[in-house]
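*Asks:* Got a sequence here, can you build the structure:
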Amino acid sequence: MAFGFRKHVVEDVSPKSASSDENAETTGVEALNRLRRFKEQHELDPNLQIEELNDLDVVLANSNAEKGVEVKTASLEENSPYPEVSAVVRNYDVDLPANTIRAWVIGMVLCTVGSAVNMLFSLKNPSVQVTTYVIQLVAYPIGLVWDLIFPDRQFEIWGAKFNLKPGKFNFKEHVVIVVMSNAAYGGGFLYATDVLIAQQVFYGQHFGWAFQLLFGVTTLCTGYGLAGLGRRFLVWPAAMIWPSDLVNASLFYALHDHAPSDPVKTNGWSISRYRWFLYVMGGAFVWYWFPGWIFQGLSFFTFVCWAAPKSVVVNKIFGGLHGYGLLPTTLDWTVISGYVLSPLIPPFHAIANTVAGVIIFFIVVSMCLHFSGKWYADYFVVQSSSAFDNTGAVYDVSRVLNEDLIFDEEKYHSYSPLFLSTQFALSYGLSFAAVAAVIVHVVLYHGKEIMTQFKLARKQEDDIHMKLMKKYRDAEDWWYLVLFAVMIGLSFVVCCAWPTGFPAWAYVICMLIPLVWTIPIGIIQAISNVQLGLNVLTEYVIGYMLPGHPLAMMMFKNYGYICMAQALYFSQDLKLGHYMKVPPRVMFWSQLVASVWSAVVQIAVMNWALGTIPGVCSDDQADHYTCPNGRVFFTASIIWGAIGPARMFSGEALYSSLQWFWLVGAITPVITWFAARRAPKSIFRFVRSINMPLIFGGSNLIPPATSYTYLCWGTVGMIFNYYIKRRWNGWWLQYNYITSAALDCGLVVSTIIIFFTLYLTSAQLPKWYGNYDVFDTLDQTGMAIKSFVADGETFGPTSWP
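*Replies:* Numbering: from 1, shown residues only. As a prediction, this is how the structure comes out:
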């Protein structure tokens with residue numbers, strides 16, 4: 001059984017040599033059979049080079065056993081079959097201590113500090129976050145300082161022996177420290193606090209510390225249980241490459257290994273990755289002072305709008321903030337990587353599918369809808385994250401609530417239906433399509449592979465990294481199963497022991513969502529570095545199930561969506577430990593302890609802030625602690641939990657036509673799958689790379705991201721992962737991921753310094769054209785609107801559901 005409780009057996013991973021002609025012949029036949037299975041499983045794998053598949057075809061067609069052994073050894077046993085992985089991740093293990101006092105102390109301190117800082121500043125607008133890249137950078141000098149302070153000597157207290165410095169600070173300890181921080185606040189801060197702030201501040205409900213702590217811990221750790229149970233599908237297979245882990249791995253090796261590169265392999269470059277990282281990071285740090293402070297117009301470099309600042313059409317077409325953003329030009333790494341992360345990380349096929357989706361739907365289809373006046377588009381900008389009323393103003397949710405903050409249907413009908421900008425409305429349709437497409441796509445493209453892994457469990461055919469990991473004792477399946485069961489039980493307590501309005505049966509349905517979608521969405525993320533969100537699905541389902549229950553809606557979204565998101569964060573970290581050869585049991589306990597402790601710290605900081613900061617969460621709070629995330633969550637709870645999706649998408653509702661996207665999402669992967677299986681060799685490379693879940697859902701961050709930011713991201717990604725990768729492949733394999741890490745680290749450090757030294761001290765921006773006049777356009781002011789209503793008049797239907 002896939003989840004059977006098994007005793008771990010440490011396996012011998014050394015290669016066996018054949019000792020006779022008979023054994024050699026058997027080995028050759030076995031090699032051909034394994035290559036045949038490998039080809040069947042990976043024929044539609046877009047990350048596997050088409051040349052390697054062609055080599056397999058030749059070997060299998062000729063039944064060349066000797067060549068089969070050679071190819072099998074080179075492709076499957078000596079290294080990863082993916083050149084991106086083999087160039088970054090070592091195909092050997094080094095015996096280094098990972099579970100050390102040094103790693104735990106540094107990890108827990110950074111986990112505590114980062115959790116507290118991120119939680120506090122999540123209440124502030126604008127905000128700043130301590131990312132795991134910062135932790136990865138900061139932990140390295142702290143580890144070196146630790147080595148200077150403590151002796152390499154064994155101590156004994158009450159029979160327990162320990163060493164504060166078991167050798168030099170090493171990369172495995174470094175991985176444990178970073179994994180602890182990523183488990184604690186990889187998403188920025190504890191998502192459950194948005195629900196708690198909306199509940200306590202805006203709804204006036206306060207259930208106490210026990211509810212808050214249980215709610216926070218169960219949100220994080222339910223996802224961890226799912227990640228552990230799903231690791232045979234998302235972590236162990238070689239095809240699950242998790243591209244962002246390659247950036248972290250590259251940075252770990254660069255920090256701990258300063259050896260120069262081999263110019264024969266890197267297109268003539270001999271500079272070490274460590275030195276290259278320092279140069280690029282330094283350059284990124286210095287440069288961001290220009291778009292970040294000195295010349296902020298470099299961020300949205302929409303020079304066409306600067307030339308015609310009051311033209312509605314020009315600002316709609318070329319505007320980067322509220323328009324379509326054609327001619328995407330930016331000199332700010334924040335704009336390029338701020339929403340979709342670094343474009344140097346995803347493989348080219350993922351970038352191409354995502355950008356294709358943006359062009360098809362958010363530019364071509366959207367322009368047809370917007371300029372034809374569909375959905376009363378003349379009264380709105382092309383894109384906005386806000387909902388509007390029938391005067392064109394931002395929807396005032398207070399006008400549909402009674403004195404007890406409960407939805408009042410009579411007030412709703414006397415006020416206005418909800419209106420969305422064209423891009424916002426399309427984003428819901430594409431979310432429906434992506435949710436349907438990802439299930440069908442994974443069943444068709446990865447179904448056999450999933451069933452094979454389910455049956456084989458840990459006896460599956462392993463790549464070199466899985467073989468190397470088998471020397472370590474695994475974290476048993478029953479550990480994760482018990483953790484998952486305990487968290488489910490505590491979640492029932494959270495839902496039922498307090499008057500949440502969230503019934504137990506609704507929680508059961510809620511948990512079916514991550515159980516069904518975690519593996520399919522995880523597979524897409526593992527091969528493309530793009531995560532498809534379930535936030536719209538959870539809002540949609542609970543809005544139909546329990547209309548008029550905003551707190552239940554918030555809890556349903558938190559458990560249904562965030563459990564999956566946390567499961568994928570944990571899976572990504574488990575793969576990082578897999579690449580870096582960190583013992584699985586160390587990974588289990590470091591992630592679990594850090595998660596629980598981080599939840600406690602963040603709940604404590606939240607309560608301290610709500611009880612100490614004067615006027616916290618008010619619009620006019622003196623220091624801008626306005627709780628923007630909690631406020632957005634509150635508004636969403638009214639729209640989805642009170643007004644509900646039925647009034648927006650069902651029957652005669654304005655956006656009911658978007659429901660057809662469910663069908664489109666389910667059908668299109670079937671078409672592309674049949675096309676890939678029947679495609680001739682000449683176009684097979686192209687057809688097998690079509691990924692409908694990415695086309696529909698790769699741009700799922702629009703809004704608040706814009707088509708402009710996606711086009712900037714895609715342009716840079718194509719330069720690096722298509723042109724440079726093919727033109728200077730040696731350089732790309734050696735320096736691409738470390739370049740990505742350096743750009744991100746330089747930006748993060750510069751942002752933090754600018755925030756604390758300039759923004760928090762209320763320093764004034766340099767007063768000149770590049771900081772003020774460039775923002776005086778219809779796009780930047782949100783006024784690129786064709787039609788306005790006169791005072792006292794409205795537009796839209798005279799009656800609504």
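
*Asks:* name the helices or strands packed onto the lengthiest helix in the chain?
*Replies:* Secondary structure of the chain read by DSSP state H shows that its longest helix is helix 422-456. Applying 3 or more C-beta pairs under 8 Å, 6 or more residues apart in numbering; DSSP states H and E, one finds that helix 422-456 contacts helix 21-42, helix 231-234, helix 366-371, helix 504-528, helix 535-545, helix 660-678, helix 692-697. Every residue, glycine included, has its C-beta placed from N, CA and C.

*Asks:* Can you give me the buried ones in that helix?
*Replies:* Within helix 422-456, the residues scored as buried using 16 or more other C-beta atoms under 10 Å are 422-442, 444-446, 449-450, 453.

*Asks:* Let me see the residues that make contact with stretch 650-668.
*Replies:* 375, 417, 419-420, 425-426, 428-430, 432-437, 439-440, 646-649, 692, 696, 796-797, 800-801 (C-beta atoms under 8 Å, 6 or more residues apart in numbering).

*Asks:* what's the span of that stretch, first residue to last?
*Replies:* Stretch 650-668 stretches 23 Å from its first residue to its last (C-alpha to C-alpha, to the nearest Å).

*Asks:* Let me see the ranges of the helices in the stretch 51-200 of the chain.
*Replies:* Counting by DSSP state H, counting those that start in this stretch, the stretch 51-200 of the chain has these helices, from start to end: 65-72, 83-88, 101-122, 132-149, 171-185, 192-197.

*Asks:* So which of those is the most surrounded?
*Replies:* The highest mean neighbour count among the helices of the stretch 51-200 of the chain, using mean count of other C-beta atoms under 10 Å, belongs to helix 171-185: a mean of 28.

*Asks:* Let's see it as CSV, backbone CA atoms only.
*Replies:* In CSV, the C-alpha atoms belonging to helix 171-185 read as follows (Å, rounded to 0.1, in the frame of the first residue of the first chain):
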residue,chain,number,x,y,z
PHE,A,171,25.7,24.0,4.0
LYS,A,172,23.4,21.3,5.5
GLU,A,173,23.0,23.3,8.7
HIS,A,174,22.4,26.3,6.6
VAL,A,175,19.6,24.5,4.8
VAL,A,176,18.0,23.5,8.1
ILE,A,177,18.0,27.2,9.2
VAL,A,178,16.5,28.5,6.0
VAL,A,179,13.9,25.7,5.9
MET,A,180,12.8,26.6,9.4
SER,A,181,12.3,30.2,8.3
ASN,A,182,10.5,29.2,5.1
ALA,A,183,8.2,27.0,7.0
ALA,A,184,7.4,29.8,9.5
TYR,A,185,6.9,32.7,7.1
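
*Asks:* Just want the angle from that helix to helix 101-122.
*Replies:* In terms of direction (axes from the mean of the first three to the mean of the last three C-alpha atoms, to 10 degrees), helix 171-185 departs from helix 101-122 by 30 degrees.

*Asks:* Which neighbouring elements make contact with helix 171-185?
*Replies:* Under the contact definition 3+ C-beta pairs under 8 Å, 6+ apart, helix 171-185 sits against helix 101-122, helix 132-149, helix 243-256, helix 563-580, helix 584-612.

*Asks:* Check what contacts the third one and list those residues.
*Replies:* Applying C-beta under 8 Å, 6+ apart, the set of residues contacting helix 243-256 from outside is 84-85, 88-90, 132-133, 136, 140, 170-171, 174-175, 178, 272-274, 276-277, 341-342, 344-347, 528-529, 572, 575-576, 579-580, 737-738, 740-741, 744-745.

*Asks:* got a list of what the closest residue to Val394 other than its chain neighbours touches?
*Replies:* Counting by C-beta to C-beta, 6 or more residues apart in numbering, Ser386 is the residue found nearest to Val394 once chain neighbours are left out, at 4.8 Å. Ser386 is in contact with 394-395, 421, counting by C-beta under 8 Å, 6+ apart.
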